[in-house]
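A.B. asks: sequence and predicted structure, then a few things I'm wondering about:
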Amino acid sequence: MLNKDKKAKVIKKTAISDKDTGSSAVQIGILSERIKELSAHLKEHKKDNHSRRGLIKLVAKRRKHMKYLERTDAKTFAKLVKDFKLKG
């Protein structure tokens, strides 16, 4: 689970304006951080299937946001891919 400081840091890094907390770019950033933390948890706890299901749902949600962002704003999409090292 992301704490307030990490979440605020990600929002500041990806936000378009000062009060931007819900744009696709911000949501992709937050989901990426949550996925990273959950992946680390699952490396230690290999049989935690409930968390694995949650991870799969987060990855699917991030993929949907990325498809939308690529379709609507290619410039921001390219920046996010580079910043979070998402797509090869």
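C.D. replies: That came through fine.
A.B. asks: going forward, measure contacts and count neighbours with C-alpha atoms only.
C.D. replies: Noted.
A.B. asks: tell me how far residue 15 lies from residue 55.
C.D. replies: 24 Å (Cα to Cα, to the nearest Å).
A.B. asks: have a look at the chain and report its longest helix.
C.D. replies: Longest helix of the chain, by residue count under DSSP state H: helix 49-72.
A.B. asks: now for it, which elements pack on it?
C.D. replies: Helices and strands touching helix 49-72, by 3 or more Cα pairs under 8 Å, 6 or more residues apart in numbering; DSSP states H and E, are helix 24-44, helix 74-84.
A.B. asks: the last one - what's its average pLDDT?
C.D. replies: So the one you mean is helix 74-84. For helix 74-84, mean pLDDT is 93.
A.B. asks: quick check: angle from it to helix 49-72?
C.D. replies: 140 degrees (axes from the mean of the first three to the mean of the last three Cα atoms, to 10 degrees).
A.B. asks: who does helix 74-84 touch, helix- and strand-wise?
C.D. replies: Against helix 74-84 (3+ Cα pairs under 8 Å, 6+ apart) you get helix 24-44, helix 49-72.
A.B. asks: which other residues reach that helix?
C.D. replies: Residues from elsewhere that reach helix 74-84, judged by Cα atoms under 8 Å, 6 or more residues apart in numbering: 14, 25, 29, 32, 66, 69-70, 86-87.
A.B. asks: only C-alpha atoms, please: export it in PDB.
C.D. replies: This file holds the C-alpha atoms of helix 74-84, laid out as PDB (Å, rounded to 0.1, in the frame of the first residue of the first chain):
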ATOM      1  CA  ALA A  74       0.800  10.500 -27.500                       C
ATOM      2  CA  LYS A  75       3.300  13.100 -26.100                       C
ATOM      3  CA  THR A  76       2.300  12.500 -22.400                       C
ATOM      4  CA  PHE A  77       2.200   8.700 -23.100                       C
ATOM      5  CA  ALA A  78       5.800   8.700 -24.500                       C
ATOM      6  CA  LYS A  79       7.000  10.700 -21.400                       C
ATOM      7  CA  LEU A  80       5.300   8.200 -19.000                       C
ATOM      8  CA  VAL A  81       6.700   5.200 -20.800                       C
ATOM      9  CA  LYS A  82      10.200   6.700 -20.500                       C
ATOM     10  CA  ASP A  83       9.900   7.800 -16.900                       C
ATOM     11  CA  PHE A  84       8.400   4.600 -15.500                       C
END
